[in-house]
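> dropping a prediction and its sequence here:
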Amino acid sequence: MFKSLLVPIDGWKDSHAALQVACQLAAPVQGKLHLLHVRGPYPNLPRGEC
């Protein structure tokens, strides 16, 4: 089915559930999981003068 899956993780319950599903999809074919830790947006930073 899937040989490689990218799973974004942000610490919420939904991302944990998505990781469990990804594990179930990858296990039968010994697929690889690539985890991506997603952070919240950065605050607005002042722009330098051009």
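Here it is on my side, so go on.
> L19 looks like it's in a helix, true?
Yes. Per DSSP: H, G, I helix; E, B strand; the rest coil, L19 lies within a helix segment.
> so what's the residue nearest the centre of the chain bridging to?
Nearest to the mean C-alpha position of the chain, counting by Cα atoms, centre = their mean, stands P8 at 1.0 Å. Beta-bridge pairing for P8 (DSSP bridges): L36.
> start the count at 566, not 1, going forward
Will do, 566 is the new start, and the previous item becomes P573.
> who touches the helix or strand that A587 is a member of?
If you go by DSSP states H and E, A587 is part of helix 578-591. Applying Cβ atoms under 8 Å, 6 or more residues apart in numbering, the contact partners of helix 578-591 are 566-567, 570, 572-574, 596-598, 600, 603. Backbone N, C-alpha and C define where each C-beta goes, glycine included.
> please redo it, this time with the cut-off set to 7 Å
566-567, 570, 572-574, 597-598 (Cβ atoms under 7 Å, 6 or more residues apart in numbering).
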